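Colleague: Provided below for reference: sequence and predicted model.
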Amino acid sequence: MKNSPPVPLDGELLDNRAGHKWLPEEEDLEAIVPEVDDFLRTLDGRMRLVHCKYDGARLTNLSSFRPNGLMINEQEWQSSVNINQVMEDTAALDMYIQFTLIKGTAEDAGVAVVFDFENWDPENYVMLPASVYNGNRCKIVDRRYAAGLDRKYLYHKNIPLMSVPIPQLSPVGEVVSRLEVNSCNLATPAMCFLSHEKGHGFILLTEQNTPFADNGFIIEESTDRRNASIVINAPGVREKKPLFVGFTESQDRGQISLRVIRSVCVQADIRMNA
């Protein structure tokens, strides 16, 4: 059984996936849709659209779209974002996001909608329905199915909450903190968090899939836990596939193989509640 790092196994820190994958590298990236960034301002959030390149299940490169599109190698991409204000709910936005390859050929690729949040707090309550609750920030113990509690923990009333290896945001600092699931791992294709400090909640709803495969749902925190990125990627590509207990090698792939004038569409519904 292979664990999805970083997981503290009785105090041992594992980190097989070096470095950050999804956090922004450019601080002054021009807004794709200023209206969306204004909507997210209460939570210090903004939106990016990115092109993803994969080697098997491993993300090897991210390229951010500009308002005038994206040129990468021989490819020319355009993006469009159609926004509908929800009339009966001023704290909600419906978005239809389209990525279109205008020129060239894309192989082993994908696209993603990324929501970046500054002034993040690891105390934020993170929830993905039926999969992640409070970030799954618990102590991980490498136990086989139905093995029960390790006897060394018996008769200790103050033992921490523990679990077998599961997707999680790390409960300890200064290590990579990233969880990856696909819509097939969720009861509802949604990612949510509650900021106790700001008194606001964030709910991101989307469709289960595109014509290529199920969508992916990723949350990654910076090492200092002051920044976080919430990602919908299409198709969903997990570096490790979660099992009932533990993880195995992922067969997810960047399945987009596009030629000129082909599109990928992602629908998103954002809601913020005080």
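Modeller: That came through fine.
Colleague: can you give me the helices in this protein?
Modeller: Per DSSP state H, the chain carries helices over the ranges 34-39.
Colleague: what residue lies at the spatial centre of it?
Modeller: The central residue of the chain, meaning the one whose C-alpha is nearest the mean C-alpha position (CA atoms, centre = their mean), is Ile218 at 1.6 Å.
Colleague: what's near enough to touch that residue?
Modeller: Taking CB atoms under 8 Å, 6 or more residues apart in numbering as the definition of contact, the neighbours of Ile218 are 22, 178-181, 229-231, 233. Any C-beta I mention is one placed from the backbone N, CA and C, and that applies to glycine too.
Colleague: ok, so of those residues, who is nearest Trp77?
Modeller: The closest of those to Trp77 turns out to be Asn233 (CB to CB; 15.3 Å).
Colleague: correct me if wrong: Leu49 contacts Gln98.
Modeller: No: taking contacts as CB atoms under 8 Å, Leu49 lies outside contact range of Gln98: 10.0 Å.
Colleague: what is the burial count for Gln251?
Modeller: Gln251 has 10 neighbours, counted by other CB atoms under 10 Å.
Colleague: for it, phi and psi?
Modeller: Torsion angles at Gln251 (phi, psi; degrees, to the nearest 10) stand at phi -100, psi 10.
Colleague: gap between it and Lys240?
Modeller: Computed as CB to CB, to the nearest Å, the Gln251 to Lys240 distance reads 11 Å.
Colleague: what of Glu27?
Modeller: 30 Å.
Colleague: and these two? which has more neighbours close in?
Modeller: In this comparison of Glu27 against Lys240, neighbours counted by other CB under 10 Å, the higher total goes to Lys240 at 21 against 5.
Colleague: about what we covered before: for Val36, state which of the contacts of Ile218 is nearest.
Modeller: Ile230 (13.2 Å).
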